[in-house]
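[1] Compute the structure for the input listed below.
(4 chains)
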There are 2 protein chains.
Amino acid sequence: MKSVTIKDVAKRLNVSISSVSRAFNNSYDIKKETRERILRTAQEMGYYPNPIAQKLTQKKTFNIGVVVPEFINEYYSEVIRGIQDILTSLGYQVLIMQSDNKHERELKNVKTLIHNMMDGLIICPSVKSKNMDYYLDEINKGYPIVFLNRIEQSFPANKVLFNNTKWGFFATEHLIYQGYKKIYHLSGSNDLGITKDRTQGFIKALAKHGFSKDDYKVIETGILPENAMARVQELIDNKDLPEAFMCVNDLVALSTISVLRQNQIEVPNDIGVVGFTETKIADLVSPKLSSVKQPTYEMGKSAAEMLMKVIKKETMSSNTIILNGSLNIRESSIRANQ
Amino acid sequence: MKSVTIKDVAKRLNVSISSVSRAFNNSYDIKKETRERILRTAQEMGYYPNPIAQKLTQKKTFNIGVVVPEFINEYYSEVIRGIQDILTSLGYQVLIMQSDNKHERELKNVKTLIHNMMDGLIICPSVKSKNMDYYLDEINKGYPIVFLNRIEQSFPANKVLFNNTKWGFFATEHLIYQGYKKIYHLSGSNDLGITKDRTQGFIKALAKHGFSKDDYKVIETGILPENAMARVQELIDNKDLPEAFMCVNDLVALSTISVLRQNQIEVPNDIGVVGFTETKIADLVSPKLSSVKQPTYEMGKSAAEMLMKVIKKETMSSNTIILNGSLNIRESSIRANQ
DNA sequence: TGAGTTTTCGGAAACGTTTCCGTTGATTTA
DNA sequence: TAAATCAACGGAAACGTTTCCGAAAACTCA
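    Model prediction:
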């Protein structure tokens, strides 16, 4: 378990510790031949500089921490791919921690990463900004942090966002243009800023097109199938069905379609459905699911690039990047002519 | 950016550095009152022990590294949840790295984690054991490593596995019992041990039930939709369709159903389909997808528990845990009576 | 009361690096 | 040829802890 240190290499070659160090950091004041000699025998002896010791003296670790709430679908997976593609090409390593949608664990993760001297952090918060003081403190101390998704636009920090209100609006307006006159929104939790924004977009679209209070409803189902299915079944039982559903995400949309089908209600012939945060399966199911695609990979890339700028001190202020998505209209929301 | 160190605390209280250290490690040889006094002012000054410096002197970091190939579906997400639930309850932190299905990046990740002094590692390899020498070296040095999934049963290390051959066999036999006489297997890459094992299970089941060479085929589609869809379309064009498909995973199964539907071929009325590595959507699509459920959460738990035993030196040998799954039969593979 | 024991604490080495400073010998310059 | 410059290297401090060792003070016991 004993690993070979810089001293062992120095002793073997009868050179000083400093020279070995210089050889590895290819410093200018070392002769080319000795440098090569040192590197060669170091290789033979299986020596590599201990990163922990390096961190103690240097400031840079070339490690970047990423905190995500979950991996429930490919959303954060693709975000991380975007982050990694940028950062690994620049010689950084990406360390990921999962906070399981719990704010406390998120905070603990962030502290762990900071204390382990990450050069910077990309944080995807679990819930809407409660207790962000710690983060603000660190930012003010000069610690490089970029937020991604699920954070308020007004929060004074560098961040990469998706405009959920806007695309919630478009998704809803699409249903309206299809001629659906009564539309229900199955919404996420109100604690979650992003799903709340989608709800706002929903309401804005209805307002613009003169829907009255009787023509729509917002039903808080959360983002997981179980509860959503129960609530839809309730609607059916109460004979309180709309002409279309605008759903907080694809999982809820698929759940809705599934329950409707069990009750011999067909999508889109009887009822239209549109999802949000498109996943691969949208294109594979029947009916194919209309949904809003988020630029996940690009969001990761942007966040990584922004973080690099912060680290290089090329920017100090609180920048916000808002990326565009697309509404992919498929079968589930195409209203039959009648 | 200058953080407060142990010296600052010691100086403020006119005690020695050692005493402050003792206070934090609640050592036995410090008076209770001084310990509390130190802890209190340390808190006031915002001091916490620098983990990097601690790592340099101690051997334990209470950090565990996890390397996964991807987050393409909820598979590794649930594995990680299992790992985290065990380890965080024991005071450990879990650091995750994603190797993007590339062996080189996996190796780099592992080295990064080891050099950063993780107390142990759980590795989910990306491809079948090529170049495992580095891992074996570390294990022989006494470094605690547990492997999970995608590794050969003969590999001499601690590991947690799913019996892909067995459940590939059961999935296939289920189709046979349904009366399907001609069955094709859409398989993953041969480089991937686990998908190869499923293929073996497929062939075993056919052999047991006396299928001849003409009654089955193995078609290597890989694990992603695009290629699978193309290959299925080829089969349709060549009028070379089986009575049932046994698919390497759910994504390929859904892709298959989708292509068949585009060609007016209905599942399960015309053709039966069964998937593998069940995901949430299996229950939400139409027809509901029959699939093999893997005990993902439990696999993570087992791996974490096994790693703890290795770290505590309660076990030295190469243990293998093989967990059981279940075959969930739904609509897609129920053959209509005829 | 004096020897032995225990409690509590300080000093200093150690962990494995980087980096500043200084020294040596060789080379250049006037 | 003497002075000045330069290339190449060694020594040692520093990073922030833990821990071993030893010593002072307090306590025990006969």
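[2] alpha carbons only for contacts and neighbour counts from here, please
    Will do.
[3] Please point out which parts of stretch A:155-169 sit buried.
    In terms of neighbour count (16 or more other Cα atoms under 10 Å in any protein chain shown), stretch A:155-169 has its buried residues at A:157-169.
[4] Would you check which of these are in contact with DNA strand C?
    The overlap between the buried residues of stretch A:155-169 and the neighbours of DNA strand C (Cα under 7 Å from any atom of the strand) is empty.
[5] Mind checking which of these land in strands?
    Under the assignment DSSP state E, the buried residues of stretch A:155-169 contribute A:158-162 to strands.
[6] The residue of the stretch 101-250 of chain A at minimum distance from DNA strand C: how many residues sit nearby?
    Using Cα to the nearest atom of the strand, the single residue of the stretch 101-250 of chain A nearest to DNA strand C is A:Met117, 14.4 Å away. A:Met117 has 22 neighbours, counted by other Cα atoms under 10 Å in any protein chain shown.
[7] Provide the secondary structure category for it.
    Of the three states, A:Met117 takes coil under DSSP: H, G, I helix; E, B strand; the rest coil.
[8] My understanding was that it contacts A:Thr61; is that so?
    Yes. Taking contacts as Cα atoms under 8 Å, A:Met117 lies within contact range of A:Thr61: 6.8 Å.
[9] can you list residues touching both of those two?
    Here A:Met117 and A:Thr61 have A:Lys55 as joint contacts, going by Cα atoms under 8 Å, 6 or more residues apart in numbering or on different chains.
[10] Spell out which residues of the stretch 151-300 of chain A are next to DNA strand C.
    When proximity is defined by Cα under 7 Å from any atom of the strand, the stretch 151-300 of chain A lies next to DNA strand C nowhere.
[11] where along the stretch 151-300 of chain A do the strands fall?
    A:158-162, A:183-187, A:216-220, A:244-247, A:272-274, A:291-293 (DSSP state E, counting those that start in this stretch).
[12] tell me the angle of the second one relative to strand A:216-220?
    I take that to be strand A:183-187. 20 degrees (axes from the mean of the first three to the mean of the last three Cα atoms, to 10 degrees).
[13] Direction included, what does strand A:183-187 pair up with?
    If you go by DSSP bridges, strand A:183-187 pairs up with strand A:216-220 (parallel), strand A:244-247 (parallel).
[14] Quick one: name the residues of the stretch 51-200 of chain A near chain B.
    Contacts of the stretch 51-200 of chain A with chain B, taken as Cα under 8 Å from any Cα of the partner chain, map to A:51-53, A:55-56, A:70-74, A:77, A:81, A:93-97, A:100, A:109, A:112, A:115-117, A:141-142.
[15] how about 6 Å then?
    Residues of the stretch 51-200 of chain A lying close to chain B by Cα under 6 Å from any Cα of the partner chain are A:71-74, A:77, A:95-97, A:141.
[16] cool, and the stretch 201-338 of chain A?
    So far as Cα under 6 Å from any Cα goes, the stretch 201-338 of chain A lies against chain B at A:254-255, A:258, A:284.
[17] Looking at those, which are in helices?
    A:254-255, A:258 (DSSP state H).
[18] now these as TSV including pLDDT and neighbour count?
    TSV is the format used below for those (pLDDT from 0 to 100; neighbours: other Cα atoms under 10 Å in any protein chain shown):
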residue	pLDDT	neighbour count
A:Leu254	96	30
A:Ser255	96	24
A:Ser258	96	23
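[19] Please name the residues that touch A:Thr195.
    By Cα atoms under 6 Å, 6 or more residues apart in numbering or on different chains, the residues touching A:Thr195 are A:Gly188.
[20] Does A:Thr296 touch A:Val79 like I think?
    Yes. Using Cα atoms under 6 Å, A:Thr296 is in contact with A:Val79, at 5.0 Å.
[21] Give the residue spans of the stretch 101-250 of chain A that score low on pLDDT.
    By pLDDT under 70, the low-scoring segments of the stretch 101-250 of chain A are A:128-129.
[22] Could I get the full set of helices for it?
    Applying DSSP state H, counting those that start in this stretch to the stretch 101-250 of chain A gives helices spanning A:103-115, A:133-140, A:164-177, A:193-208, A:225-237, A:250-262.
[23] A:Ala282 touches A:Leu289, doesn't it?
    Yes. Using Cα under 6 Å, A:Ala282 makes contact with A:Leu289 at a distance of 4.8 Å.
[24] Which one's more surrounded, these two?
    Neighbours per residue (other Cα under 10 Å) separate A:Ala282 from A:Leu289, with A:Leu289 holding more: 30 against 23.
[25] pLDDT at the more buried one, what is it?
    As predicted, A:Leu289 sits at a pLDDT of 97.
[26] Just give the nearest non-adjacent residue to A:Arg330, would you?
    Residue nearest to A:Arg330 in three dimensions, not counting chain neighbours: A:Ser290, with 4.5 Å by Cα to Cα, 6 or more residues apart in numbering or on different chains.
[27] If that neighbour is in a bridge, with which residues?
    In this entry, A:Ser290 is beta-bridged to A:Val274, by DSSP bridges.
[28] quick one: which helix or strand includes the most centrally placed residue in chain A?
    Nearest to the mean C-alpha position of chain A, counting by Cα atoms, centre = their mean, stands A:Tyr76 at 4.6 Å. For A:Tyr76, the host element (DSSP states H and E) is helix A:74-89.
[29] now that helix and helix B:74-89, what's the angle there?
    Per the same axes, to 10 degrees, the angle that helix A:74-89 makes with helix B:74-89 is 80 degrees.
[30] tell me which residues of helix A:74-89 are tucked away?
    Counting neighbours by 16+ other Cα under 10 Å, helix A:74-89 gives A:74-87 as buried.
[31] Please name every helix or strand in contact with it.
    In terms of contacts (3 or more Cα pairs under 6 Å, 6 or more residues apart in numbering or on different chains; DSSP states H and E), helix A:74-89 is packed against helix A:296-311.
[32] Kindly state the distance between the middle of the helix it packs on and the middle of its chain.
    Put simply, helix A:296-311 sits 11 Å off its chain's centre (Cα atoms, centre = their mean, to the nearest Å).
[33] Now do it against helix A:74-89, angle only.
    Here helix A:296-311 runs at 40 degrees with respect to helix A:74-89, directions being taken by the same axes, to 10 degrees.
[34] and helix A:296-311, what other elements does it pack with?
    In terms of contacts (3+ Cα pairs under 6 Å, 6+ apart), helix A:296-311 is packed against helix A:74-89.
[35] The helix it packs on - what's its average pLDDT?
    Averaged across helix A:74-89, the pLDDT comes to 91.
[36] now stretch A:28-44
    The average pLDDT for stretch A:28-44 rounds to 92.
[37] Enumerate the positions of that stretch that are buried.
    A:35, A:38-39, A:42.
[38] and DNA strand D, which of these contact it?
    Restricting the buried residues of stretch A:28-44 to those touching DNA strand D (Cα under 7 Å from any atom of the strand) yields A:Arg35.
[39] now, which of the buried residues of stretch A:28-44 sits nearest B:Ile322?
    When these are compared for distance to B:Ile322 (Cα to Cα), A:Ala42 comes out closest, at 41.6 Å.
[40] quick one: the closest one from B:Tyr134, how far?
    According to Cα to Cα, to the nearest Å, A:Ala42 stands 18 Å off from B:Tyr134.
[41] now do A:Met246
    Plainly put, A:Met246 is 52 Å away from B:Tyr134 if you go by Cα to Cα.
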